[in-house]
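Engineer: Give me coordinates for this.
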Amino acid sequence: MKARVLSIAGSAAQGSAGIQADLKTFQECDVYGMAAITAFVANNSKTEQGIFIHDKEIVRAQYEAALEHVGVDTVKTGMLFSKELIEEISTWLQDCPAKQIIVDPVMIGKMGSQLLADDAIAVLKEKLIPLATIITPNLYEAGKLLNRETIIGNVEEMEEAAKELFQLGSNYVLIKGGALEDRAIDVLFDGARFAYYEKPRVNTIHTSGAGCSYASAIAAELAKGRTMEKAVELAKNFVHAAISHALSFGRGVGSTNHAARRNYGVD
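Structural biologist: Residues are numbered from 1 along each chain as shown. Coordinates of the predicted model:
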């Protein structure tokens, strides 16, 4: 049977991030992708309101439909926004048959949109992260989860942050270092050992969807039975190729190219 992955996340109208990025990644990684949409993100110049949050009943109906009609091997969460929804989803996932739960603690979009309410961070830490097989924060998100006022700035600080975040209860912590000034290195911690994943830095602003796609590629590879270390390695290769061949449409931050590995291979 083909591996099945469910993403619980927001929909990004421009197609580069969120559910759209997740489903593209699942397809490229050869797993069956499903979605429970938590919100619509549609920032544009015509309206001041760019984020539309779903009621938890709507999200629950999607979740139940995916499990009932298809089943699930791995669940990945992305933009959840509110503490109420995080509490609800955490309750469902306690009884979920998925073998792995990947928590991407999405907080800020590439366009600057706030994608997680300030009062939801504590609930994320207390309710959802302890259920996670792996959490995948970037440097900003790791700092927010640890209540730090200064951004993490080097590998040594990433290691210390990973140790602290591990205490929240996930089995693995992956801190993504794409925002470092001099390197593009990520640090994986399993409570005892560190593993490092580094690729040459790509000089581009067109990285929308990179974090979503990275976490989704990890979810896909775990669903297919990979070890965590191998899943992260393959996901790093996937997202590096996607950034290396990013797409620009002439306005603002462009999209990672989800078909890049298939079309151009991996450097």
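Engineer: dump the residue contacts of the residue lying closest to Ala179 once chain neighbours are set aside.
Structural biologist: Spatial nearest neighbour of Ala179, chain neighbours left out: Leu139 (4.8 Å); criterion: Cβ to Cβ, 6 or more residues apart in numbering. (Each C-beta comes from the backbone N, C-alpha and C, glycine too.) Residues near Leu139 by Cβ atoms under 8 Å, 6 or more residues apart in numbering: 151-153, 158, 175-180.
Engineer: pLDDT weak spots in the stretch 51-200 of the chain?
Structural biologist: 109-114 (pLDDT under 70).
Engineer: can you pull out the strands in it?
Structural biologist: In the stretch 51-200 of the chain, the segments counted as strands under DSSP state E, counting those that start in this stretch are 51-53, 74-77, 100-103, 134-135, 172-177, 185-189, 194-198.
Engineer: Throw the ones you listed into TSV and include mean neighbour count and distance to Asp30, thanks.
Structural biologist: Output for the strands of the stretch 51-200 of the chain, formatted as TSV (neighbours: other Cβ atoms under 10 Å; distance: least, Cβ to Cβ, whole Å):
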stretch	mean neighbour count	distance to Asp30
strand 51-53	15	32
strand 74-77	29	14
strand 100-103	24	17
strand 134-135	28	20
strand 172-177	26	22
strand 185-189	22	23
strand 194-198	15	21
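Engineer: any chance of the ones you listed in a markdown table, with distance to Gln27 too?
Structural biologist: Output for the strands of the stretch 51-200 of the chain, formatted as a markdown table (distance: least, Cβ to Cβ, whole Å):
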| stretch | distance to Gln27 |
| --- | --- |
| strand 51-53 | 26 |
| strand 74-77 | 14 |
| strand 100-103 | 17 |
| strand 134-135 | 22 |
| strand 172-177 | 22 |
| strand 185-189 | 23 |
| strand 194-198 | 23 |
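Engineer: what about those, which gets the closest to Ser7?
Structural biologist: strand 74-77 (4.9 Å; Cβ to Cβ).
Engineer: after the helix ranked longest in the chain comes which helix or strand?
Structural biologist: Assignment by DSSP state H gives helix 228-244 as the longest helix of the chain. Sequence-wise, the next helix or strand downstream of helix 228-244 (DSSP states H and E) is helix 260-264.
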